[in-house]
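Participant: sharing a model prediction with you, sequence too.
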Amino acid sequence: MTTAATITPKAGWFANAMSGYGKMPLWMQSATNATLGMTILLVLWWIGGLLIASNPDTEAFANFAPGPTLVSLWHLIESGTLWETIYSSLYRIIIGLFWGIVIGVPVGVLVGYFLNFRQVANMPFQFLRMISPLAWMPIAVLAFETWDQAIIFLLAMATVWPIIFGTAHGVQRIDPNWFRVAKNLGADGYQMLRRVIMPAIAQDVFAGIRLAIGVAWVVLVPAEYLGVTSGLGYAINDARDTLDYDKLAAIVVVIGVIGYLLDFIAMKLIKRYSWHVE
Amino acid sequence: MSASNIWISDLTHYYNKKQKSPTLDNINLSIPKGQLTALIGRSGCGKSTLLQMMAGLLFPSDGAVRINGQTIVKPSAKWNMMFQKPSLYPWMTVRENAALGLVFAGTYKEKADRVEELLDMVGLKEHKDKNVQQLSGGQQQRVALARSLATEPEILLLDEPFSALDAFTRTALQTEVAQICHDQNITMVLVTHDIEEAVAMADKVIIMSHNPGKIVGEKDIPLHYPRDRSSKDFATLKEELFAEFEKIDLEKQRELEAMAS
Ligand SMILES: Nc1ncnc2c1ncn2[C@@H]1O[C@H](COP(=O)(O)OP(=O)(O)O)[C@@H](O)[C@H]1O
Ligand SMILES: [Mg+2]
């Protein structure tokens, strides 16, 4: 029936606006929605600031509001102290992650490849995984000479589990025929690793690393409350002691932004090495 | 014997020591260079086992498998196996998959043209840069064929490579592969349980029986390539082979029943 199609329903302005929204190119729609989300967050933060300022009990913390925070953030950037703080934290994360990968990937390969190893390791690993990395602190302090080393140990303890499980998952998904075919085509051990095993498991390893980065970033801040005199966790503690609430909030913002960026990089790596066609 | 490309003598195989009868029992077989051979038999009679031994992927408990007079000690791209599943690498393009054997051999740079020609030949000209997951089952098996041929194998070993394909694609590929092996003087050994496939592709058909796996008969297929499936000769040979297979199978069945009673 063509007649039905010619009748245009009387749509209100809202419906019209929404239909235009649906016609946007996908990237524009996603950018609009992302902006919307961030705006909502900022507004909530602003309202929270107003509430804190209007309550006599919490008035002293009024500098948590967006205005003072962003000013403080600007000062931190301008003076250059922020970069040193970030550098210290990132350095610890990277070294911790490095050890997590160096230990986690080979162990993950063993767990994924050998049923016996998997059966032996499963319970202990699940058990150890559930222990908060921070709970290792007393042992770490005893075992390592410097606070820095102790923190890196905690970060390695935090990152190793998701990397082991991610790698093992990847190895278990390998099709045994891929080995047979490669052997048949004349692959040696190194070529098998380079052309078959590594590309086959890369996306799962990076998925593990992405989870590891998330955990490490969360663990880093409380770990830096202890002992050390540098890094984002230290900066937060220091700002609290000196009642610099705007600076404290600024550091929180920085932690959020860097955490987001790290996750973004890990996600890009997963995408880059992912071979599943949706 | 000097003319034979693949030479198997007194081969016996047990998968494990507790087996009552061997999986393969005293196999003797000699395949001349350039011959297209089909191994037919019921599923479970040891066809794949025998083929994997020709590929160097498996070694017999007893007896020898020689290629050009040399005992096989490991797989080689010179005698290449194509499996039922194409087993392509999903993180690679069509071209990268087809080139893999040459990449392993370190000769891809010099022989890149060969990969292009082969992909054109198997009808994948338009698909070279696609991810293999975007292809149909038949196209994927064509990539596997190009991959096997890229290393210029002397011998092509095929383990029911078309059984997962639809009838039209299967027929087309049977004709193409037989033609390629015939034209390029490649020795082909095809494992199948499809009698028509054997008649369509092979110069010589070897019949195997099961329990234990044994060679029990053979038949020449004196037809030219390309073969005309609608011809009288084709139909006759197919019927003859079928009758022979039935007869052997029936005898075997009786023998087994006699043993049971
Ligand atoms: N890896 C293996 N371990 C033990 N037995 C096997 C193995 N592979 C095959 N067999 C057995 O050997 C016999 C022959 O198998 P196969 O060569 O695959 O036969 P076909 O290819 O003719 O169907 C079968 O009974 C099968 O169960
Ligand atoms: Mg088989």
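Facilitator: Sure, I can see it. Ligands and ions are numbered 1, 2, ... in the order given.
Participant: close to chain A: what parts of the stretch 51-200 of chain B are there?
Facilitator: Selection of the stretch 51-200 of chain B residues close to chain A by C-beta under 8 Å from any C-beta of the partner chain yields B:55, B:57, B:75-77, B:80-81, B:83, B:85, B:87, B:89-91, B:100-101, B:103-105, B:131, B:133-134, B:147, B:151. Every C-beta, even on glycine, is put in place using the N, C-alpha and C of the backbone.
Participant: out of the residues you listed, which end up buried?
Facilitator: Among those, those scoring as buried are B:55, B:57, B:75-77, B:80-81, B:83, B:85, B:87, B:89-91, B:100-101, B:103-105, B:131, B:147, B:151 (criterion: 16 or more other C-beta atoms under 10 Å in any protein chain shown).
Participant: show the pLDDT at A:Ile47.
Facilitator: A:Ile47 is assigned a predicted lDDT (pLDDT) of 92.
Participant: circling back: out of the residues of the stretch 51-200 of chain B next to chain A, which are inside strands?
Facilitator: Secondary structure from DSSP state E places B:80-81 of these in strands.
Participant: for the lengthiest helix in chain A, packing partners?
Facilitator: What stands out as the longest helix in chain A, according to DSSP state H, is helix A:81-113. When contacts are defined as 3 or more C-beta pairs under 8 Å, 6 or more residues apart in numbering or on different chains; DSSP states H and E, helix A:81-113 packs onto helix A:115-129, helix A:147-172, helix A:198-224, helix A:232-241, helix A:245-273.
Participant: now the ones you listed in a markdown table, with mean neighbour count and distance to B:Ile248?
Facilitator: Putting the helices and strands packed on helix A:81-113 into a markdown table (neighbours: other C-beta atoms under 10 Å in any protein chain shown; distance: least, C-beta to C-beta, whole Å) gives the following:
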| stretch | mean neighbour count | distance to B:Ile248 |
| --- | --- | --- |
| helix A:115-129 | 12 | 41 |
| helix A:147-172 | 24 | 43 |
| helix A:198-224 | 22 | 44 |
| helix A:232-241 | 20 | 80 |
| helix A:245-273 | 17 | 53 |
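Participant: so who does residue 99 touch?
Facilitator: Picking chain A for this. A:Trp99 sits next to A:152, A:155-156, A:159-160 when contact means C-beta atoms under 8 Å, 6 or more residues apart in numbering or on different chains.
Participant: try chain B instead
Facilitator: Contacts for B:Ala99 (C-beta under 8 Å, 6+ apart) come out as B:108, B:112, B:115, B:147, B:150.
Participant: using PyMOL, define a selection of the buried residues within these.
Facilitator: Command for PyMOL that selects the buried part of the contacts of B:Ala99, burial taken from 16+ other C-beta under 10 Å:
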select buried, chain B and resi 108+115+147+150
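Participant: how about the residues of chain B near ligand 1?
Facilitator: Within chain B, the positions lying close to ligand 1 (C-beta under 6 Å from any ligand atom) are B:15, B:23, B:41, B:43-49.
Participant: need the max-distance pair from those.
Facilitator: The span of those, defined through C-beta to C-beta, is set by B:Tyr15 and B:Gly41 at 17.1 Å.
Participant: can you pull the contacts of residue 170?
Facilitator: Because you didn't say which chain, this covers chain A. For A:Gly170, the contact set (C-beta under 8 Å, 6+ apart) comprises A:108, A:112, A:200-205.
Participant: wrong chain, I was asking about chain B
Facilitator: B:162-163, B:197.
Participant: before we move on, what about A:Val228?
Facilitator: Residues near A:Val228 by C-beta under 8 Å, 6+ apart: A:88, A:147-148, A:151, A:234.
Participant: how does it look with 7 Å?
Facilitator: Shown here is A:Val228, whose contacts under the criterion C-beta atoms under 7 Å, 6 or more residues apart in numbering or on different chains are A:147-148, A:151, A:234.
Participant: could you do A:Val105 as well?
Facilitator: By C-beta under 7 Å, 6+ apart, A:Val105 lies in contact with A:163, A:167, A:205.
Participant: could you find the closest non-adjacent residue to the last one?
Facilitator: I take that to be A:Val205. Leaving out its chain neighbours, the residue that sits closest to A:Val205 by C-beta to C-beta, 6 or more residues apart in numbering or on different chains is A:Thr167, at 5.2 Å.
Participant: number of residues surrounding B:Leu9?
Facilitator: Just so we're on the same page, residue B:9 is Ser rather than Leu. Other residues lying near B:Ser9 total 14 when counted by other C-beta atoms under 10 Å in any protein chain shown.
Participant: picking up where we left off before, from the residues of chain B next to ligand 1, list the buried ones, please.
Facilitator: Buried, going by 16+ other C-beta under 10 Å: B:23, B:41, B:45-49, out of the residues of chain B next to ligand 1.
Participant: including secondary structure and pLDDT, could those go into TSV?
Facilitator: Formatted as TSV, these follow (DSSP: H, G, I helix; E, B strand; the rest coil; pLDDT from 0 to 100):
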residue	secondary structure	pLDDT
B:Thr23	coil	95
B:Gly41	coil	92
B:Cys45	coil	92
B:Gly46	coil	94
B:Lys47	helix	95
B:Ser48	helix	94
B:Thr49	helix	96
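Participant: what about the closest residue to ligand 1 within the stretch 51-200 of chain B, neighbour count?
Facilitator: Closest to ligand 1 within the stretch 51-200 of chain B is B:Val191: 6.3 Å, counting by C-beta to the nearest ligand atom. A count of neighbours around B:Val191, defined by other C-beta under 10 Å, yields 26.
Participant: show me what the host helix or strand of B:Glu116 is packed up against.
Facilitator: In this structure, B:Glu116 is located in helix B:108-121 according to DSSP states H and E. The contact analysis (3 or more C-beta pairs under 7 Å, 6 or more residues apart in numbering or on different chains; DSSP states H and E) places helix B:108-121 against helix B:94-105, helix B:137-150.
Participant: so what are the sheet partners of the helix or strand following the longest one and their directions?
Facilitator: Tracing the chain C-terminally past helix B:137-150 and defining elements by DSSP H and E, one meets strand B:155-159 next. Applying DSSP bridges to the sheet, strand B:155-159 is found paired with strand B:79-82 (parallel), strand B:187-192 (parallel).
Participant: nearest to B:Ala260, of the ones you listed?
Facilitator: Nearest to B:Ala260, of all the strands paired with strand B:155-159, is strand B:187-192, at 28.4 Å by C-beta to C-beta.
Participant: the closest one: what's the following helix or strand?
Facilitator: That would be, after strand B:187-192 and using DSSP H and E, helix B:195-201.
Participant: just how off-centre is that following helix within its chain?
Facilitator: In terms of C-alpha atoms, centre = their mean, to the nearest Å, the gap separating the centre of helix B:195-201 from the centre of its chain is 12 Å.
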